[in-house]
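> Attaching a predicted model along with its sequence, questions to come.
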Amino acid sequence: NEGRGVHIEQSDVRIKKMARKAGSLIIFVVDASGSMALNRMNAAKGAAMSLLTEAYQSRDQISLIPFQGDMADVLLPPAKSIAMAK
């Protein structure tokens with residue numbers, strides 16, 4: 001097998017630069033006033049928890065801010081962790 005080397009040409013070499021995906025900040029701002037407030041909050045919490053299960057891979061952060069009239073409260077500051085959200 002002497003003399004049987006490997007010949008690599010320039011066209012055989014490929015370089016791909018991987019771009020690191022920056023995560024997104026997803027903010028749920030929920031109207032917590034009125035008769036449907038509980039339903040809206042439960043829907044927003046469910047969506048937030050669902051997104052948080054995938055947040056580690058996608059590098060996303062989730063925040064939840066309910067408001068009533070001109071008052072708002074940060075219920076969940078930007079988080080990647082389900083444990084922090086509970």
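Structure's in. What do you need?
> what's near enough to touch the spatially most central residue of the chain?
Note on the chain: the residue nearest the mean C-alpha position is residue 60, at 2.3 Å, using CA atoms, centre = their mean. Taking CB atoms under 8 Å, 6 or more residues apart in numbering, we find residue 60 in contact with 23-26, 51, 54, 80. Quick note: C-beta positions are derived from backbone N, CA and C, even for glycine.
> can you tell me which of those residues are in helices?
With helices defined by DSSP state H, the entries of these inside them are 51, 54.
> any idea which helix or strand carries the residue nearest to residue 77 when sequence neighbours are not counted?
Spatially, and ignoring its direct neighbours in sequence, residue 77 is nearest to residue 63 (6.1 Å; CB to CB, 6 or more residues apart in numbering). Secondary structure from DSSP states H and E places residue 63 in strand 61-68.
> On the three-state scheme, residue 40 is what?
Put simply, residue 40 is helix when judged by DSSP: H, G, I helix; E, B strand; the rest coil.
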